[in-house]
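S.K.: Fold the following, please.
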Amino acid sequence: MSSWIEKIPSFVWILIIVAGIALFIGAIMGGFYLFTHIGGAGSIFMLVCAWGALRVGANTPEIKSSRIGLGILITFFAGMGVALDQTGNFIYNEPLEWIFCPADSELTRDVLHRAVRRGVSVEQNFACVAETDGRVLRTISGWELFFFRFFEYVALGYVLLFLSRSYTKIKGVPQRKKAFRQ
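M.R.: Numbering: from 1, shown residues only. Now for the predicted structure:
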């Protein structure tokens, strides 16, 4: 007896394989566009991934007692946040405006595309623009943005770690009471 998969003709398999490859490439290109053009997409992705990683990895006894393990986890999270969340979002970019922009100005973001020898380079350009006449008062350099995002994600990593451990304690309390009563 043969399975239904073996009954599929070879030309249909060719279409399935080509469609799979096209979806894979399209997902990579779509993700690249999403992370570089849509503010908040990288932030949401990083929060979901970090929450999952913290729920699985950071609550183990080995990581709880290992400061170097937590350091590696938070540093990796911050590095990935810098790499994937260059655009930020309106919440993450507000402190950027408070720190770097003078009074009576607002933070703006432009996406700069440049064709380079082996592909495309995409840069996020943040600038402080005067609210009255729209002239650029200050441009935030890439290094300033890099260090700002890194420390922002370090702080966010510790907040998520605290919330994850608090959630574990709250979730575990009713189970302990039931076991104690028996």
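S.K.: ok, now which ones touch residue 142?
M.R.: Residue 142 sits next to residue 123 when contact means Cβ atoms under 8 Å, 6 or more residues apart in numbering. In short, each C-beta sits where N, CA and C put it, glycine included.
S.K.: Of all the residues in the longest helix belonging to the chain, which ones are buried?
M.R.: For the chain, the helix with the greatest residue count under DSSP state H is helix 142-181. Within helix 142-181, the residues scored as buried using 16 or more other Cβ atoms under 10 Å are 145, 148-149, 152-154, 156-157, 160-161, 164.
S.K.: looking at the protein, which helix or strand is least sure?
M.R.: The weakest-scoring helix or strand in the chain, judged by mean pLDDT, DSSP states H and E, is helix 61-65 (a mean of 69).
S.K.: Low-confidence ranges, this protein, go.
M.R.: For the chain, the stretches flagged by pLDDT under 70 are 1-2, 58-60, 62-64, 113, 115-116, 120, 173-182.
S.K.: give me phi/psi at residue 108?
M.R.: Dihedral pair for residue 108: phi -120, psi 160, per degrees, to the nearest 10.
S.K.: Give the burial count for it, as a bare number.
M.R.: Neighbours of residue 108 under the rule other Cβ atoms under 10 Å: 15.
S.K.: for residue 98, same thing?
M.R.: Neighbourhood size, residue 98 [other Cβ under 10 Å]: 9.
S.K.: residue nearest the centroid of this structure?
M.R.: residue 46 (2.8 Å; Cα atoms, centre = their mean).
S.K.: Check the secondary structure at that one for me.
M.R.: Residue 46 carries the three-state label helix when classified by DSSP: H, G, I helix; E, B strand; the rest coil.
S.K.: where's the nearest residue to it once chain neighbours are set aside, which helix or strand?
M.R.: Spatially, and ignoring its direct neighbours in sequence, residue 46 is nearest to residue 81 (5.1 Å; Cβ to Cβ, 6 or more residues apart in numbering). Using DSSP states H and E, residue 81 maps to helix 67-84.
S.K.: what's the angle from that helix to helix 142-181?
M.R.: Angle of helix 67-84 versus helix 142-181, following axes from the mean of the first three to the mean of the last three Cα atoms, to 10 degrees, is 130 degrees.
S.K.: buried ones in whatever helix or strand comes next after helix 67-84?
M.R.: Using DSSP H and E, the helix or strand that follows helix 67-84 in sequence is helix 90-100. In terms of neighbour count (16+ other Cβ under 10 Å), helix 90-100 has its buried residues at 92-93, 96-97, 100.
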